[in-house]
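J.: Got a predicted structure plus its sequence, pasted below:
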Amino acid sequence: MNQNIDSIAQWIDPRDLAAFDTALPVGAHLVAERDGYEHHGIYVGCGQVIHYAGFSRRQRRGPVESISIGCFACGFAVTIQRHASPFYDGEEVARRAISRLGERNYRLLTNNCEHFCSWCLFGECRSAQVEACLKSPGRAARTLLKLMLLALSIERRTAQPPAQAA
């Protein structure tokens with residue numbers, strides 16, 4: 001788990017965009033704890049987060065896209081990951097994130113959502129999650145197993161025909 005993370009409100013009414021901009025500074029590095037991993041994105045204002053969609057589209061790799069903070073959270077708590085000295089200020093971090101919208105070069109180990117946020121903040125691609133897994137093969141195996149089970153669960157739900165009304 002990341003250190004130096006300040007919790008923010010888990011649920012803010014999306015209709016209250018002023019609340020988003022008060023609670024979240026433009027360029028904030030957001031983290032949503034998921035089952036077995038963390039998902040990262042950059043807050044760009046007006047309730048929007050830019051992130052790498054990764055494998056959220058089942059087998060197809062998703063692009064860098066802008067989504068609502070509610071979609072980004074996906075029912076999980078969202079936190080701000082604070083950095084002691086990012087290379088860029090918040091407005092420039094947001095501009096850098098926007099500059100990559102539509103990119104489709106997702107790679108789990110070398111160009112994932114955390115790499116994307118690191119590039120936006122520091123100009124270098126890094127992922128603490130990937131580094132931790134490479135240092136601990138057991139952790140990597142557990143994480144991979146959780147992700148595979150999650151993907152199978154999603155695949156099974158989407159493959160089942162909807163229940164018909166009686």
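T.: It's in. Residues are numbered from 1 along each chain as shown.
J.: tell me which residues in the host helix or strand of Ile80 are buried?
T.: According to DSSP states H and E, Ile80 maps onto strand 78-81. Using 16 or more other C-beta atoms under 10 Å as the test for burial, strand 78-81 gives Val78, Thr79, Ile80, Gln81. In short, each C-beta sits where N, CA and C put it, glycine included.
J.: now do stretch 48-67
T.: 48-56, 61-67.
J.: Pick out the lowest-pLDDT one from those residues.
T.: Within the buried residues of stretch 48-67, Ser56 has the lowest pLDDT, namely 62.
J.: remind me which residues of the protein are low pLDDT?
T.: 1-22, 55-60, 133-134, 139-140, 143-144, 146-148, 150-166 (pLDDT under 70).
J.: can you give me the helices in it?
T.: 17-23, 69-73, 90-99, 113-122, 128-135, 137-159 (DSSP state H).
J.: quick one: contacts of the fourth one?
T.: When contacts are taken as C-beta atoms under 8 Å, 6 or more residues apart in numbering, the neighbours of helix 113-122 outside the stretch itself are 27, 29, 38-42, 51-52, 54, 64, 83, 86-88, 93, 96-97, 100, 124-130.
J.: sorry, back to before: got the buried residues of strand 78-81 as TSV, with distance to Arg34 columns?
T.: Formatted as TSV, the buried residues of strand 78-81 follow (distance: C-beta to C-beta, whole Å):
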residue	distance to Arg34
Val78	11
Thr79	12
Ile80	17
Gln81	15
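J.: from those, which is closest to Glu33?
T.: Thr79 (7.7 Å; C-beta to C-beta).
J.: In stretch 106-124, which residues are buried?
T.: Neighbour-count burial for stretch 106-124 [16+ other C-beta under 10 Å]: 106, 108, 111-121.
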